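let me see the structure of the following:
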Amino acid sequence: MRARDLTQQIITLENIKYKKLIDDYFIEDKETVAKVLIDKQSPFLRSIIINKGSKNNIELGMVVLDEGFLVGKVVEVNFFTSRVLLISDINSKIPVSLQPGDTQAIMSGKNKREGVLQYVKDENLPAVNKEIKVLTSGAGGLFKSGIPIGTIDFDENISIEDEKKVNFYRDFSQLKYVKVVSFSKEKILIDDSSKNNSRILEVEIEETTQQQETLRILLEQKKIADEIRIKIQKENNFLRTELTRLKNEILIKKKINQKNKVQNEEIKFLKMNLLYGHKCRKTIFKNLYKINTAQYRECVFSKGPKK
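Purely as a prediction, here's the structure:
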């Protein structure tokens, strides 16, 4: 758990660092509100004329928005007016990102209310049981990334071959006023504060990495120690079992030896009793020892009464 937290922390810090260094810092450097004058309609052409032109600093390629939603881009500029190619135009090819999942695709226009995905990476939509949001991806530098375009309704029965329709957020037949903006990458040099922040992030990443490495080493040492402990415990159990076995074996041998000793002594007594029993037995004429007494056995082993 601790190692996973440290890894996540490193990824987060590096994410912040890279965003500060290489993220596309787009800023709005020009913004103009324009009125829609003419809507040129044809089966394949979707464009509008707005009442702002070069007199109002309108330039080719500027982005046209309606309340923050993507409408199109300026493709022709006159002194007083400009023509905007809508994203619903069949000639419009926009790099998009499908969220969640960040799947990359190319969207083309189809009609006033719909677009269609022509090229989807891996030919698969994100695996979610809800609508998919379509945003500009920023690829190719045509549009700033993250501008909302529309949604794709989830349908579990859709196949790879089926046309993937994008429902636009805005109805382009109802446009009255639009905002014309241009985005440019921020060219401000990194100041001392940003450099210090970058250094601090570097130090934090290095410290977190060292903590992760230290934790990795400790976990490895613990793993080795656990393996050694288990091995020693197994050896101890084996030795304990072997010691018990040896003790039992010695005890059995002692009992056998003791039994053999008793048997040998009894055999010896029987043999000597045949030879010397008459010298030790108590009779009418001899006041000696009764049979089966300790004195009698001692007398037999002594080959007769002691003088």
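
assign residue 71 to helix, strand or coil.
Following DSSP: H, G, I helix; E, B strand; the rest coil, residue 71 is assigned to strand.

excluding chain neighbours, what is closest to it?
Excluding its sequence neighbours, the residue lying closest to residue 71 (C-beta to C-beta, 6 or more residues apart in numbering) is residue 64, at 4.4 Å. (Glycine included, C-beta is placed from N, CA and C.)

contact partners for that neighbour?
Residues near residue 64 by C-beta atoms under 8 Å, 6 or more residues apart in numbering: 50, 70, 71, 72, 73, 74, 84, 178, 179, 180.

one more time with 10 Å, if that's ok
Going by C-beta atoms under 10 Å, 6 or more residues apart in numbering, residue 64 touches 32, 34, 36, 48, 50, 58, 70-74, 82, 84-87, 175, 178-181.

pLDDT score for it?
As predicted, residue 64 sits at a pLDDT of 89.

what residue ranges in the stretch 201-307 of the chain score low on pLDDT?
Scanning the stretch 201-307 of the chain for pLDDT under 70 picks out 307.

what's the local residue count around residue 148?
Neighbourhood size, residue 148 [other C-beta atoms under 10 Å]: 18.

quick one: the helices in the chain?
For the chain, the helices defined by DSSP state H cover 2-22, 192-280, 294-301.

residue 116 touches residue 96, doesn't it?
No: with contact defined as C-beta atoms under 10 Å, residue 116 does not reach residue 96; the gap is 11.2 Å.

name the residues contacting each of these two.
Jointly contacting residue 116 and residue 96 under the rule C-beta under 10 Å, 6+ apart are 106, 107, 166.

okay, and the beta partners of the first one?
Per DSSP bridges, the residues bridged to residue 106 are residue 95, residue 119.

how near is it to residue 117?
Residue 106 sits 7 Å away from residue 117, going by C-beta to C-beta, to the nearest Å.

which one's more surrounded, those two?
More neighbours surround residue 117 than the other of residue 106 and residue 117, with 20 against 17 (other C-beta under 10 Å).

quick one, what contacts the residue lying closest to residue 296 once chain neighbours are set aside?
Closest residue to residue 296 in three dimensions, ignoring its sequence neighbours and counting by C-beta to C-beta, 6+ apart: residue 289, at 4.0 Å. Taking C-beta under 10 Å, 6+ apart, we find residue 289 in contact with 280, 281, 282, 295, 296, 297, 298, 299, 300, 305.

show me which of those are buried.
For the contacts of residue 289, a burial check counting by 16 or more other C-beta atoms under 10 Å picks out 280, 281, 296, 297, 299, 300.

just to revisit the earlier point, tell me the bridge partners for the residue nearest to residue 71.
Legend: beta-bridge partners of residue 64 under DSSP bridges are residue 72, residue 180.

and it, how far from residue 50?
8 Å.

and what of residue 35?
Going from residue 35 to residue 50 by C-beta to C-beta gives 7 Å.

cool, residue 111 as well?
Using C-beta to C-beta, we find residue 111 at a distance of 21 Å from residue 50.

okay, now the domains of this structure?
What automatic domain parsing lists as the domains of the chain is 26-184, 264-301.

for residue 34, give me the pLDDT.
Among the per-residue scores, residue 34 shows a pLDDT of 88.

where's it relative to residue 69, distance?
In this view, residue 34 and residue 69 are 16 Å apart by C-beta to C-beta.
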